[in-house]
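> Quick check, what structure comes out for this input:
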Amino acid sequence: MEHSSLADSLFGPELIRTLQVLLAPSFNRLFELVTLFGNEGVLVALTAIVYWCFDKKRGRLVTYILFWGAYLNFYLKILIRSPRPPIQLRIVEQNETSYGFPSGNTQDATTFWGWVSLDFKNRMLAVVGAVIVLAVAISRIYLGVHYPIQVIGGIIVGLVVVGVAEVVVRHTSININEIRLTRQILFAMFALVPLVASAWLGWWGGGNPSEIGGYLFAFSIGVIVEDKWIRFTTAVGLYQKVVRVVIGGFILGGLTIALGPFLPLTNFSLGFVNSAIHGLAVVLVVPFIFQKLE
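Residues are numbered from 1 along each chain as shown. Sure thing, here's the model as predicted:
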């Protein structure tokens, strides 16, 4: 009986209903805000801020890890094919058609905060990150877009991504932070392999891997150009960091608004181009503007 009850709580809607009965609708807006901290767009913006304002090498690395983790999330969803909760339970994302395991928002939040905490070796950052991940996980359940087991899976997969990245970066002879032309071009081309494979297999499942591939490919190529000809520095004062965030956010927000109607992310080819432009803007265009203004 206890085993059945635990299974119902993990794999069924019991916990979703309990949270919604206790907290909805008063806490809807709060959890809608909290869940944004696991949104891919928000986390990409945070990787850009690390790249622009704190450490270029670390910014590049966390971008690679986040996006390769997103590829893994896409393929796991397609392979496992775990359905999301019924529409009647969803407070948001009623039209979302992708599979539910593992939770993308939870996995992405775990990957980003887990890696930056490990990379910067900052205990306070780790505490803040853990709180954010837990809050995002609860929000996904409360909003009715994931079952508890899907959220737990997101945390586990995110931690696995961080662990594998740690092994690759710290315990191999390859220095990922060092820019070498041939290796970087090969890395950029390799970033397209999961995208081409998904297209060949016809694997979509409501997701669009072209967004991942477009950004990752363009970012990887842009790194080469930035390292050769721009070479901006993150050794700037707090005021300049704030200005960089404002300018970068304004440019990326403007791009999103301008490109949306013409290059919709829901379209495979156009979505690839849209994401590629955003990747080049983050790694190349915005730093170039920083150089000119500063």
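> going forward, measure contacts between C-alpha atoms and count neighbours the same way
Will do.
> longest helix in this protein, by residue count?
helix 56-80 (DSSP state H).
> Can you point out the buried residues in the very next helix or strand once past it?
Downstream of helix 56-80, the next assigned helix or strand under DSSP states H and E is helix 104-120. Of the residues in helix 104-120, 104-118 count as buried by neighbour count, 16 or more other C-alpha atoms under 10 Å.
> other SSEs contacting the longest helix of the chain?
helix 40-49, helix 104-120, helix 148-170, helix 209-225 (3 or more C-alpha pairs under 8 Å, 6 or more residues apart in numbering; DSSP states H and E).
> where in the protein is pLDDT low?
Scanning the chain for pLDDT under 70 picks out 1-4, 8, 173-179, 204-207.
> all helices of the stretch 151-294 of the chain, in order?
Remark: helices assigned in the stretch 151-294 of the chain by DSSP state H, counting those that start in this stretch are 181-190, 193-201, 209-225, 238-259, 268-280, 286-293.
> can you tell me which helix or strand residue 144 belongs to?
Residue 144 belongs to no helix or strand, assigned by DSSP H and E.
> and it, backbone torsions?
phi 80, psi 20 (degrees, to the nearest 10).
> For the residue nearest to it when sequence neighbours are not counted, list the residues it contacts.
Excluding its sequence neighbours, the residue lying closest to residue 144 (C-alpha to C-alpha, 6 or more residues apart in numbering) is residue 90, at 4.2 Å. Contacts here follow C-alpha atoms under 8 Å, 6 or more residues apart in numbering; on that basis residue 90 touches 143-145.
> from the residues you listed, which is closest to residue 72?
residue 145 (19.7 Å; C-alpha to C-alpha).
> check contacts around that closest one.
84-85, 89-93, 100 are the contacts of residue 145 under C-alpha under 8 Å, 6+ apart.
> just residue 87 next, same as before
Applying C-alpha under 8 Å, 6+ apart, one finds that residue 87 lies in contact with residue 94.
> likewise residue 40?
Counting by C-alpha under 8 Å, 6+ apart, residue 40 makes contact with 105, 108.
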